[in-house]
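Participant: Starting from these lines, generate the structure:
(3 chains)
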Amino acid sequence: MIPEIGHFALILALFFSFCLSLVPLVGYWQKNTVLLHTARPLTYLMSFFVLVSFLLLALSFMTDDFSVLYVSQNSNSQLPIWYKFSAIWGGHEGSLLLWVLILSGWSSAVAIKSRSLPSEVGPVVLAVLGMVSLGFLSFMLFTSSPFVRVLPEVALDGRDLNPLLQDIGLIIHPPMLYMGYVGFSVAFAFAIAALITGNLSASWARWTRPWTSLSWAFLTLGITLGSWWAYYELGWGGWWFWDPVENASFMPWLAGTALVHSLAVTEKRGVFKSWTVLLAIFTFSLSLLGTFLVRSGVLTSVHAFAADPTRGIYILALLVVLIGGSLLLYGVRAGQVRARATFGVSGREAWLLLNNILLTVLTLTVLLGTLYPLIFDVFGLGRISVGAPYFNTVFSPIALLLIVFMAIGPFSKWQQTSTSILLKAVLWPAVFAVVVAAWLAYSNALGWIAWLTLSIALWAALLTLKDWFAKVSAGSKGIIPRARQLPRNYYGMMIAHLGMVVTLVGILLVSTSSHETTVKLSPGESVSFAGYEFHFDGISHLKGPNYIADRGAISVSKEGTFVSLLSPEKRFYSTSRQIMTEAGLDAGFTRDLYVSLGEKLADDAWGIRIYVKAFVRWIWLGGLMMMCGGLLSALDKRYRNKVRGANA
Amino acid sequence: MRKLLWFLPFFVFLGMGVVLYKQLGTNPEYMPSALIGKPVPDFTLVSLQTNRVEDQSSLPKQAYLINFWATWCPTCEMEHAYLRELAQQGVPIVGIDYKDDSNKAQQWLATKGNPYQLVVTDELGKFGLDMGVTGAPETFVVNSKGIIVYRHQGDLNSTVWQEMKGYLK
Amino acid sequence: MKLMKSFCIMVTLLLSSYAFADTLMTFSSELNQTRFQSLAKELRCPKCQNQDLADSQADIAKDLRIQIHDMIEQGKTDQEIVDYMVARYGDFVLYRPRYSAATAFLWGGPIALLLIGFVAFGWVLLRNKKRRAGKVL
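Facilitator: Numbering: from 1, shown residues only, chains lettered A, B, ... in the order given. The predicted structure follows:
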């Protein structure tokens, strides 16, 4: 009974989303306030039924109802309870339901906040969000319902969740990623509403900013978690593979980063209006494109869902309607926008424009590299691969240039900055950074690329701190009161920029100063590597809830003092008959010790892979800082002021 | 003209949509063989049954199939019956016993029957590498001029044969 | 979200009889080892979903790693090794596509986009300057 109610709840949600995408718009065109006001209750109703169906699916998982196909494919009675819950989004159908749940969550949040918007804007925004929901709910109901039953031949037990997904990182990674992806739908909806109503004044940028910053923060966290998970779970010690599915989450992030900045310009100065609208459409389109790439089976990736061309057709149709429709609307309306404000060559507007151009180029580069094999194939040129070597070559120089602008940008003033003041402000830190970086690179035997990168990173960090110091030390009030007076938005920017620097340093050092080797060790033997002594104590067998494992014990010491005991595992999951390697890790601020079990060789000896990863934690530390920056900006007090009727 | 510029994103998106549409339903893991249109690479391998050293000159002079197989490969077991059927129809098949144990392989042919006109052992998989093989079973079609014209990865069955037999000439 | 269809690892362990040779590769020089590591990262495992030779646990990846190792030790250049792989497995195995007319847009695209971006930047600034001048008048 429960799955049927769940399915029915989805149908009701579909019905309300249909009403939501239609009624408020009719109200808007007929200037009928009654119809306009249905938007909010319709949003709540739709969200309620999506939530109900999600909870019922959760219940089916908790009660091991293997008559439900999706449950039997993704769960098992032996599975620990928290993995039964995360198994809800372990496959295509359930993760789609999570997508829709999060979308209704955002829609409801907008509905709650929409009271402070001008009376016709809120309902139109909600109607656009309703259309997105309608698309995804119908997709789910027509092609991929998670509530399909397999009666009467009920499986005795489920096929178990993919062992790779049985992990804490994967419990939280997808929801955070989706929060980000889907959150950009809010900016998208505001942009479309602005195009529909023709009210492209700067006010829509102000309404959109906190939502965008918040989604950006979630997406940052989601990507960071995904990278961290791949690092310790895939057992290769890599943290980013330029895999199409990773790129699918990275592109909206890049575009979203551009959007966060261009919204600031549009709000503050009223310029780049049509560009910002396009960017909002572009960002959400990339989220949708990612969904298509992951679920349609056009690309091979270690992360892709099982392929199904009918699903592919449906999502593609959805893409054409949503993105194509928006871009058409954009083509018709955007030409009417005229900016009145102007700015000078070295004004902050110009720096942020540069930022946007570079971020867009980076996004399109990733898009080009990801889709090029497909384009190649369509033109009958054969099959090629575009992977990490390409992206590292092409992406890195442009990204470095972007960080140079990131360093200077905050020093500029709106409209016009005197060039000599700007030069004076950035010159001495530059000299200092170059010298210190040279010393660091020389003493650690790093090449000129590392030297250049370190210089830029140091310089950017120095400038960011210097700007803050200049702001708090000016005037007579004293540092602490002034520091507290600075808006959260400013701190958000500062922390996010510093986070970028931290990640950059991490990326640089992990790729230049890490060591790896493969050794053959028998119990009792040890090996010296990269300044550490790795001693193989032996192997023990253990039994987990749904797997059996060999666990190695490797004690690490440095110059005679004990550092850590690493326990890499090789697990065999009996239901799915899969073998997984779990790395043994000792995390540290400046280095990670990372050991994974290879094959069992002759006698008692094992092949063991040892990595010493320099500064790898900095990559994710920076990611977390960027996320905090995004959150702080979203919580800026300015956005909480009621702006009812304000049409600034 | 200026007006059309605003529609540029739309047209770019449409182009992308067409590419994505064309790719739907194709198998992204399909990889065409790099050896199509080239002659069979040189080899000197030992025959499984006679211990004779075989090379290019031992290959059939008319069109034939090259089939990579091994006793460790369950799919090879599946396609074995069909290979025998083809052999009975008079299709010449050269078997490459790929990265396998010769004793086991001999036993396999003794119990299951031998569809191959010639079987050579590629114990280290070096000939497999030269042929661009990624696993077993894999079947190549070589035409009467000695040129590789078709490659199939996975088991050979009547459906696959429908497509494949057109190349065998 | 990261559900995997089938995974190379699982195949390997069930038939791991050929696996050991690869774990214990020794190189005659440090340079050779570095060359091996970078080549294994540039080449794609022809049978996996999307993994380079260095990361893949598939049998074929192991064979190819051994082949690369042997060729390096035989004194073959990187280019010769890459050509060897391409002759057998096609351009598909190159993660860094070769420069050709067909990949011109792939390699030139980002540079072209960057140039377009800078031209657009200049154009926006110029237009702004004109309008500012107009305003002053």
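Participant: per-domain residue ranges of chain C.
Facilitator: Recorded structural domains for chain C (assignment: automatic domain parsing) are C:10-98, C:101-137.
Participant: what phi and what psi does the backbone show at the most centrally placed residue in chain B?
Facilitator: With distances taken as Cα atoms, centre = their mean, residue B:139 lies nearest the centre of chain B, 2.6 Å away. Residue B:139 adopts backbone torsions of phi -130, psi 130, taken as degrees, to the nearest 10.
Participant: does chain B sit close to the helix ranked longest in chain C?
Facilitator: Counting residues, the longest helix in chain C under DSSP state H turns out to be helix C:104-136. No: judged by Cβ under 8 Å from any Cβ of the partner chain, helix C:104-136 stays clear of chain B, getting no closer than 11.5 Å. (Each C-beta comes from the backbone N, C-alpha and C, glycine too.)
Participant: other SSEs contacting that helix?
Facilitator: In terms of contacts (3 or more Cβ pairs under 8 Å, 6 or more residues apart in numbering or on different chains; DSSP states H and E), helix C:104-136 is packed against helix A:348-378, helix A:388-408.
Participant: Give me the distance from that helix to the chain's centre.
Facilitator: Put simply, helix C:104-136 sits 32 Å off its chain's centre (Cα atoms, centre = their mean, to the nearest Å).
Participant: can you check stretch A:166-184 too?
Facilitator: Offset of stretch A:166-184 from its chain centre (Cα atoms, centre = their mean): 8 Å.
Participant: cool, and stretch A:378-389?
Facilitator: 26 Å.
Participant: what do you get for stretch A:86-103?
Facilitator: 16 Å.
Participant: Same question for stretch A:403-416.
Facilitator: Centroid displacement of stretch A:403-416 relative to its chain, using Cα atoms, centre = their mean, is 26 Å.
Participant: in that stretch, what's buried?
Facilitator: A:403-404, A:406-412, A:415-416 (16 or more other Cβ atoms under 10 Å in any protein chain shown).
Participant: Out of these, the closest to residue B:167 would be?
Facilitator: Taking Cβ to Cβ as the measure, residue B:167 lies nearest residue A:403 of the buried residues of stretch A:403-416, at 55.1 Å.
Participant: Looking at the helices and strands packed on helix C:104-136, which one is packed in the most?
Facilitator: Most buried of these by mean neighbour count (mean count of other Cβ atoms under 10 Å in any protein chain shown) is helix A:348-378; its value is a mean of 22.
Participant: So in chain C, where's the weakest helix or strand by average pLDDT?
Facilitator: Within chain C, confidence by mean pLDDT, DSSP states H and E is lowest for helix C:8-14 among all helices and strands, at a mean of 35.
Participant: What parts of chain C come near chain B?
Facilitator: C:15, C:17-18, C:46-47, C:49, C:59-60, C:63-64, C:67, C:86-90, C:92.
Participant: Quick check on those residues: which are buried?
Facilitator: Neighbour counting by 16+ other Cβ under 10 Å classes C:18, C:46-47, C:49, C:59-60, C:63-64, C:67, C:86, C:88-90, C:92 among the residues of chain C next to chain B as buried.
Participant: Those residues also near chain A: which ones?
Facilitator: Restricting these to those near chain A - Cβ under 8 Å from any Cβ - leaves C:49, C:90, C:92.
Participant: Looks like the second one contacts residue A:382 (just checking).
Facilitator: Yes: between residue C:90 and residue A:382 a contact is recorded at 7.0 Å, counting by Cβ atoms under 8 Å.
Participant: what's the overlap in contacts for these two?
Facilitator: Residues touching both residue C:90 and residue A:382 (Cβ atoms under 8 Å, 6 or more residues apart in numbering or on different chains): residue B:32.
Participant: Can you tell me the closest non-neighbouring residue to the residue nearest in space to the middle of chain A?
Facilitator: The centre of chain A sits closest to residue A:219, judged by Cα atoms, centre = their mean, with a distance of 3.0 Å. Leaving aside its chain neighbours, residue A:219 sits nearest to residue A:180 (2.5 Å; criterion: Cβ to Cβ, 6 or more residues apart in numbering or on different chains).
Participant: do the same with residue A:506
Facilitator: In space, residue A:506 is closest to residue A:618, 2.9 Å off (Cβ to Cβ, 6+ apart).
Participant: In contact with that neighbour, which residues?
Facilitator: Neighbours of residue A:618 in contact, by Cβ under 8 Å, 6+ apart: A:502-503, A:505-506, A:509-510.
Participant: That one: helix or strand, and which one exactly?
Facilitator: helix A:616-634 (DSSP states H and E).
Participant: repeat for residue A:236
Facilitator: Going by DSSP H and E, residue A:236 is not in any helix or strand.
Participant: separation between it and chain B?
Facilitator: Separation of residue A:236 from chain B (Cβ to the nearest Cβ, to the nearest Å): 20 Å.
Participant: Next, count neighbours for residue 39.
Facilitator: By default, I'm working from chain A. A total of 29 residues lie near residue A:39 under the criterion other Cβ atoms under 10 Å in any protein chain shown.
Participant: The chain in question should be chain C.
Facilitator: 22.
Participant: and what of the one 4 residues further on?
Facilitator: When counting by other Cβ under 10 Å, one arrives at 28 neighbours for residue C:43.
Participant: Who are the contact partners of the closest residue to it other than its chain neighbours?
Facilitator: Spatially, and ignoring its direct neighbours in sequence, residue C:43 is nearest to residue C:53 (4.8 Å; Cβ to Cβ, 6+ apart). Residues in contact with residue C:53 (Cβ under 8 Å, 6+ apart) are C:39-41, C:43-45, C:61, C:64-65, C:68.
Participant: mind pulling up the phi and psi values for residue C:53?
Facilitator: The phi/psi pair for residue C:53 (degrees, to the nearest 10) reads phi -70, psi -30.
Participant: how long is stretch A:161-177 from one end to the other?
Facilitator: Terminal residues of stretch A:161-177 are spaced 20 Å apart (Cα to Cα, to the nearest Å).
Participant: That stretch near chain C anywhere?
Facilitator: Yes: judged by Cβ under 8 Å from any Cβ, stretch A:161-177 and chain C are in contact via A:162, A:164-165, A:170, A:173-174, A:177.
Participant: which one is the residue most central in space within chain C nearest to, not counting chain neighbours?
Facilitator: Geometric centre of chain C, nearest residue: residue C:95, 2.6 Å, by Cα atoms, centre = their mean. Spatial nearest neighbour of residue C:95, chain neighbours left out: residue A:387 (3.1 Å); criterion: Cβ to Cβ, 6+ apart.
Participant: ok, now which ones touch residue 64?
Facilitator: Let's take chain A. Residue A:64 is in contact with A:71, A:75, A:77, A:84, A:158, counting by Cβ under 8 Å, 6+ apart.
Participant: Hmm, no, I was thinking of chain C.
Facilitator: Per Cβ under 8 Å, 6+ apart, neighbours of residue C:64: B:129, C:43, C:45-46, C:53, C:85.
Participant: repeat for residue A:352
Facilitator: Contacts here follow Cβ under 8 Å, 6+ apart; on that basis residue A:352 touches A:261-262, A:264-265, A:409.
Participant: how about TSV for these, with pLDDT and distance to residue A:205 added?
Facilitator: Converted to TSV, those look like this (pLDDT from 0 to 100; distance: Cβ to Cβ, whole Å):
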residue	pLDDT	distance to residue A:205
A:261	93	11
A:262	92	9
A:264	90	8
A:265	88	8
A:409	85	18
